[in-house]
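[1] fold the following.
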Amino acid sequence: MAEGMLRHLAGDIIEVVSAGSEPAGYVHPLAIRVMGEIGIDISNHRSKHISEFLGKPIETVISVCGEGEAQCPFFPGTVNRYHWPFNDPAKVEGTEEYKLSVFRAVRDEMWRVFLAYAAGRRDQLEWDKKLMGQR
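    Below is the predicted model:
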């Protein structure tokens with residue numbers, strides 16, 4: 001959900017990729033469903049392991065799981081690192097409707113955080129452009 005959301009909100013200004021230390025091997029069907037409810041299609045996304053990105057230049061690492069920060073590897077050259085611990089809706093048990101409600105709640109919480117993050121990145125780009133124009 002994070003990758004799809006950040007691509008939607010800021011994919012025009014930053015390259016967004018997502019990976020985990022223990023990928024499930026698939027994108028959860030309820031994640032696809034609740035993201036589709038807000039107009040973001042993640043049905044073609046895939047679950048990736050962080051090893052795919054080791055050795056590549058990484059500017060920012062954002063971990064989103066409660067235990068994610070401790071399991072996140074060091075990426076040389078990383079300028080920014082953020083840890084925003086969201087509950088993992090895939091671990092919730094209960095009825096389909098309850099699971100959907102949890103996926104929606106996590107999606108909505110992520111939306112608020114990533115919307116602010118994307119706005120901050122846009123503001124920083126504008127500020128950088130102004131500074132470069134003054135030189």
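
[2] packing partners for the helix ranked longest in the chain?
    Identified as the longest helix of the chain according to DSSP state H is helix 96-133. Counting contacts by 3 or more C-beta pairs under 8 Å, 6 or more residues apart in numbering; DSSP states H and E, helix 96-133 packs against helix 2-10, helix 29-37, strand 80-86. All C-beta atoms are positioned from the backbone trio N, CA, C, and that covers glycine.

[3] next, the angle from it to helix 2-10.
    40 degrees (axes from the mean of the first three to the mean of the last three C-alpha atoms, to 10 degrees).

[4] buried stuff in helix 96-133?
    99-100, 102-104, 106-107, 110-111, 113-114, 117-118, 121 (16 or more other C-beta atoms under 10 Å).

[5] can you redo these as a markdown table with distance to V17 and pLDDT?
    Output for those, formatted as a markdown table (distance: C-beta to C-beta, whole Å; pLDDT from 0 to 100):
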| residue | distance to V17 | pLDDT |
| --- | --- | --- |
| K99 | 27 | 97 |
| L100 | 27 | 97 |
| V102 | 25 | 97 |
| F103 | 22 | 98 |
| R104 | 25 | 98 |
| V106 | 20 | 97 |
| R107 | 19 | 98 |
| M110 | 16 | 97 |
| W111 | 19 | 97 |
| V113 | 18 | 97 |
| F114 | 15 | 97 |
| Y117 | 15 | 96 |
| A118 | 16 | 96 |
| R121 | 15 | 92 |
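
[6] thinking again about what came up before, including distance to I58 and mean neighbour count, could the helices and strands packed on helix 96-133 go into JSON lines?
    Formatted as JSON lines, these follow (distance: least, C-beta to C-beta, whole Å; neighbours: other C-beta atoms under 10 Å):
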{"stretch": "helix 2-10", "distance to I58": "14", "mean neighbour count": "21"}
{"stretch": "helix 29-37", "distance to I58": "23", "mean neighbour count": "17"}
{"stretch": "strand 80-86", "distance to I58": "9", "mean neighbour count": "14"}
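
[7] so which of the ones you listed comes closest to K48?
    Among the helices and strands packed on helix 96-133, the nearest to K48 by C-beta to C-beta is helix 2-10 (9.1 Å).

[8] gap between the closest one and the chain center?
    Relative to its chain's centre, helix 2-10 lies at 7 Å (C-alpha atoms, centre = their mean, to the nearest Å).
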